[in-house]
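Q: sequence first, predicted coordinates after that:
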Amino acid sequence: MLDLRTLLVPIDFSDHSRAALASALGLARATEATIHLAHSVHVPIGVPLVGDIAADVWGEVRRGAEQKLRGVEEEVRGAGIPVDTHLREGAISQMIVEQARNLGTDLIVMGTRGLSGLQHVLLGSVAERTVCSAPCPVMTVKADSERPASLTQEPMAIRSILVATDFSEHADRALRWAIELAQRFDAKIQLLRAYDAQILAVMPGAIATPTEFWKEVRKAAEAGLKRAQVPIDEAGVESELLLEQRDATTSIVETAKALRVDLIVIGTRGLTGLRRTLLGSTAGRTLRLAPCPVITVDSEEH
């Protein structure tokens, strides 16, 4: 059974990082995990990095961050969740990865983007860099503009999990993660295989292909889905197989919306070659467009 004991939440006090924290608290309530809040401070652009001015600015920036971090810590502690804080200086993506390694983090939970302006690090580009370098799976969360994130919400409800697969090693590990999540939360897995005939047909070296060829491609994909379903059945998890002939990102996002899934789980990279859709580039686009939280899983720890 999945053991989530240590959740690392990078926070820049934006709506997106607060939404990530709310999701992390929901997970922590369900799994009895400890929340680790991490914030990185930096000098605003244009401020001299030497002399008394720099020292004064660093002091103000750090004191302001410490005060805000303590406020969030008190909220989390008030919600009854064990919490620790980590304040660092420098590049936030590097800080997140290093902190995750130091803590033996089971899952990083972070916003898809952060605050704009001089005083804050943007989490938008940071999210994708973190996914590429993290030593553990990463869950990315968007803020809901219609419903502000609440730190007092009930334990996270995961009833439906969409897993995108191309049958690669990365996708297989993502599926194993999804299976364990489904067992813990009594959720259903929607296992999706998408392939884009348009892309395959125009790739360099490709030639016009008859209808029978695409029938064989579809048959192979159906067989692959049935094989991938075996460990799901063995785990006693309910599942549904989905096969679509369109580009992977569109298929994942639109399927997630149509089925109102609570979570998407995807591998960070996929297979190369004519036969498989690349999940690597798909992962980044899915993070930006998904209507629900996304967990990205690598095939091995970094």
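A: Arrived safely.
Q: domain assignment for the chain?
A: Domain segmentation of the chain under automatic domain parsing yields 6-141, 160-297.
Q: including mean pLDDT and mean neighbour count, could these go into JSON lines?
A: (Each C-beta comes from the backbone N, C-alpha and C, glycine too.) JSON lines is the format used below for the domains of the chain (pLDDT from 0 to 100; neighbours: other CB atoms under 10 Å):
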{"stretch": "domain 6-141", "mean pLDDT": "82", "mean neighbour count": "19"}
{"stretch": "domain 160-297", "mean pLDDT": "84", "mean neighbour count": "18"}
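Q: so which elements touch the strand or helix carrying residue 251?
A: Assignment of secondary structure by DSSP states H and E places residue 251 within helix 248-259. The helices and strands touching helix 248-259, judged by 3 or more CB pairs under 8 Å, 6 or more residues apart in numbering; DSSP states H and E, are strand 160-164, strand 188-194, strand 239-244, strand 263-267, helix 279-289.
Q: what does that helix contact?
A: For helix 248-259, contacts defined as CB atoms under 8 Å, 6 or more residues apart in numbering pick out 160, 162, 164, 166, 190, 192, 194-196, 242, 244, 261, 264, 266, 277-279, 282, 285-286, 289-292.
Q: now do the helices in the stretch 1-150 of the chain.
A: Ranges of helices in the stretch 1-150 of the chain, per DSSP state H, counting those that start in this stretch, are 15-31, 51-78, 92-103, 123-133.
Q: quick check: which helices or strands does the shortest one pack against?
A: Counting contacts by 3+ CB pairs under 8 Å, 6+ apart, the secondary-structure elements packed against helix 123-133 are strand 6-10, helix 92-103, strand 107-111, strand 138-141, helix 279-289.
Q: what residues does the last one touch?
A: In this case it means helix 279-289. 112, 127-128, 131, 140, 164, 166, 168, 170-171, 248-249, 252-253, 264, 266-270, 294, 296.
Q: stretch 196-214: end-to-end distance?
A: 11 Å (CA to CA, to the nearest Å).
Q: now tabulate the helices of the stretch 1-150 of the chain in a markdown table and tack on distance to residue 175.
A: Shown next, in a markdown table, are those (distance: least, CB to CB, whole Å):
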| stretch | distance to residue 175 |
| --- | --- |
| helix 15-31 | 19 |
| helix 51-78 | 31 |
| helix 92-103 | 22 |
| helix 123-133 | 18 |
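Q: so residue 217 sits in a helix?
A: Yes: under DSSP: H, G, I helix; E, B strand; the rest coil, residue 217 sits within a helix.
Q: what's the nearest residue to it if we skip its chain neighbours?
A: residue 195 (6.7 Å; CB to CB, 6 or more residues apart in numbering).
Q: same question, residue 80
A: Once flanking residues are discounted, residue 80 sits nearest to residue 29: 8.0 Å by CB to CB, 6+ apart.
Q: is it correct that the one you found is in contact with residue 76?
A: No: applying CB atoms under 8 Å as the test, residue 29 and residue 76 come out as separate, 11.2 Å apart.
Q: contacting residues for residue 213?
A: With CB under 8 Å, 6+ apart, residue 213 has no contacts at all.
Q: and it, what are its phi and psi?
A: phi -60, psi -50 (degrees, to the nearest 10).
Q: still on that earlier bit, tell me if I'm right that the residue nearest to residue 217 and residue 245 touch.
A: Yes: Residue 195 lies in contact with residue 245 (CB under 8 Å); the separation is 6.1 Å.
Q: in a markdown table, list the helices and strands packed on helix 123-133 along with distance to residue 72.
A: A markdown table is the format used below for the helices and strands packed on helix 123-133 (distance: least, CB to CB, whole Å):
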| stretch | distance to residue 72 |
| --- | --- |
| strand 6-10 | 9 |
| helix 92-103 | 16 |
| strand 107-111 | 13 |
| strand 138-141 | 15 |
| helix 279-289 | 24 |
